[in-house]
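[1] Got a predicted structure here, sequence first:
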Amino acid sequence: MVEEELTWKEPVQRVQALAEKGLKEVPPSYIRPVSERPCLDKQIHLGDDGSIPVIDFSGLEDHRREDTMDQISRACEEWGFFQLINHCVPVPVMDRTVAAAREFFDLPLEEKQVYANKPWSLVGYGSRIGVTEGAILDWGDYFLHYLWPLDKRDVDQEWPRKPASYVETLDEYTHALHNLCSRLLEALSESLGLRKDYIGEIFGWPDTNLVLRINYYPPCPSPDLTLGVGSHSDGGVITFLLHDNVPGLQVRKGDRWLLLEPIPNAIVVNIADQLQILSNGRFKSVEHRVAVNKDTVRMSLATFCNPDVDTIIAPAEDLVNDDNPALYRAMTYGEFLESLCRDGLKGKDYVESFRR
């Protein structure tokens, strides 16, 4: 991507700063069309009927392994989302990570602005995705940086220097999450009937990129008119979501938007576009979005497991035959990122554009 091709065509406004002014109305640039509004009074809660998968990851280590593998397969095929419990990421580490992220957003604006991202890069402190003039904006700010591999982490330039505990805390969280990701990729490979290192090998494990996006959604005067993040599916392999137990994540199930009720100490996992392509559509990368609320800050930490930009993704050969032809053409991950930086989030349109 030629950096000079992308520029901010209008000033970038920090949503946290807007909210702290005590606005009585949502600015027009954040108001969604009626068809995209979150319908907060009609939300159906995922988990009300026990339907969303909650998977005890420790079941892979004992007599429950076969049943746990079956649960993982069904979750990936039917929902594209599940919540992991007993995942071996220590709860104190999770708590410290969320606290460090919140402390960063509590800093004065001028200290956060040092890390402001560029139009051609999602890395840094940001408030919008895409450079399209007049786009409908999300009611939220974010901070994004690499966690892994170590040679891509620019701790001095890209990681916050405040709070003082940030680097040490995030390093500890990174290593715990890397271990979880390794084990989950193996389980996902096996559930597709592939050798256990297949997915990891395709996506460059153990040096596959882990990229953290900290999301900050401030209170909103009219949460029924806007969204913290618009409808999209994630572009990478899988995503791990750490949250502060404030509901807001909505998952698309058919023609309904369902509110996920966070389970304390669980990690939410969702399938992303590259894995949908590799599985030849067996695993589902599902649209999701974020609703905001009137009174409470909501924070979440999404870690994306992403391939390198030149990685070629196509349906796994072992999953393709005369009865199950390839549903997608080959693509590089870099093609997806170029579209994202230029055009912003577009639901499922992008991955569907690779269908044969």
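    Arrived safely.

[2] where do the helices sit along the stretch 1-150 of the chain?
    For the stretch 1-150 of the chain, applying DSSP state H, counting those that start in this stretch gives helices covering 15-19, 65-78, 91-105, 109-113.

[3] isn't Q276 right next to F283, touching?
    Yes: taking contacts as CB atoms under 8 Å, Q276 lies within contact range of F283: 5.7 Å. Where you see a C-beta, it was placed from the backbone N, CA and C, and this is true even at glycine.

[4] circling back to that earlier point, tell me which of the helices of the stretch 1-150 of the chain lies nearest to L258.
    Smallest distance to L258 across the helices of the stretch 1-150 of the chain (CB to CB): 13.0 Å, for helix 65-78.

[5] List the buried residues in the biggest helix by length in the chain.
    Looking across the chain with DSSP state H, the single longest helix is helix 166-191. Buried residues in helix 166-191, counted by 16 or more other CB atoms under 10 Å: 166-167, 169-170, 172-174, 176-178, 180-181, 184-191.

[6] What are the boundaries of the strands in the stretch 201-350 of the chain?
    209-217, 229-232, 238-243, 249-253, 256-260, 267-271, 288-290, 298-306, 312-313, 331-332 (DSSP state E, counting those that start in this stretch).

[7] Give me the contacts around the third one.
    Put plainly, it is strand 238-243. 94, 97-98, 177, 180-181, 184-185, 188, 249, 262, 267-272, 275, 299-305 (CB atoms under 8 Å, 6 or more residues apart in numbering).

[8] What of the last one?
    The list of residues contacting strand 331-332 from outside it, by CB under 8 Å, 6+ apart, reads 277, 309-314, 354.

[9] avg pLDDT for it?
    For strand 331-332, the mean pLDDT works out to 86.

[10] Over to the fifth one?
    In this model, strand 256-260 has a mean pLDDT of 88.

[11] Who are the packing partners of it?
    Counting contacts by 3 or more CB pairs under 8 Å, 6 or more residues apart in numbering; DSSP states H and E, strand 256-260 packs against strand 44-46, strand 249-253.

[12] Give the pairing partners of it; include direction for each.
    Taking DSSP bridges as the criterion, strand 256-260 sits next to strand 44-46 (parallel), strand 249-253 (antiparallel) in its sheet.

[13] could you measure L225 against V155, distance?
    Distance, L225 to V155, by CB to CB, to the nearest Å: 39 Å.

[14] Which one's more surrounded, these two?
    L225 (19 against 15; other CB atoms under 10 Å).

[15] Would you mind measuring from that one to K294?
    Distance of L225 to K294, computed by CB to CB: 11 Å.

[16] try S191
    As judged by CB to CB, S191 and K294 stand 41 Å apart.

[17] list the helices and strands the longest helix of the chain packs on?
    helix 65-78, helix 91-105, strand 141-148, helix 198-202, strand 209-217, strand 238-243, strand 298-306.

[18] For it, give the mean pLDDT please.
    97.

[19] Show me how far that helix is from its chain's centre.
    Helix 166-191 sits 15 Å away from the centroid of its parent chain (CA atoms, centre = their mean, to the nearest Å).

[20] wait, doesn't S58 sit right on R65?
    No: S58 is beyond contact range of R65, at 10.2 Å (criterion: CB under 8 Å).

[21] of Q276 and F283, who's got more company?
    Ranked by neighbour count (other CB under 10 Å), Q276 and F283 place Q276 first, with 28 against 22.

[22] Name the nearest residue to the more buried one, sequence neighbours excluded.
    Once flanking residues are discounted, Q276 sits nearest to S285: 4.0 Å by CB to CB, 6 or more residues apart in numbering.
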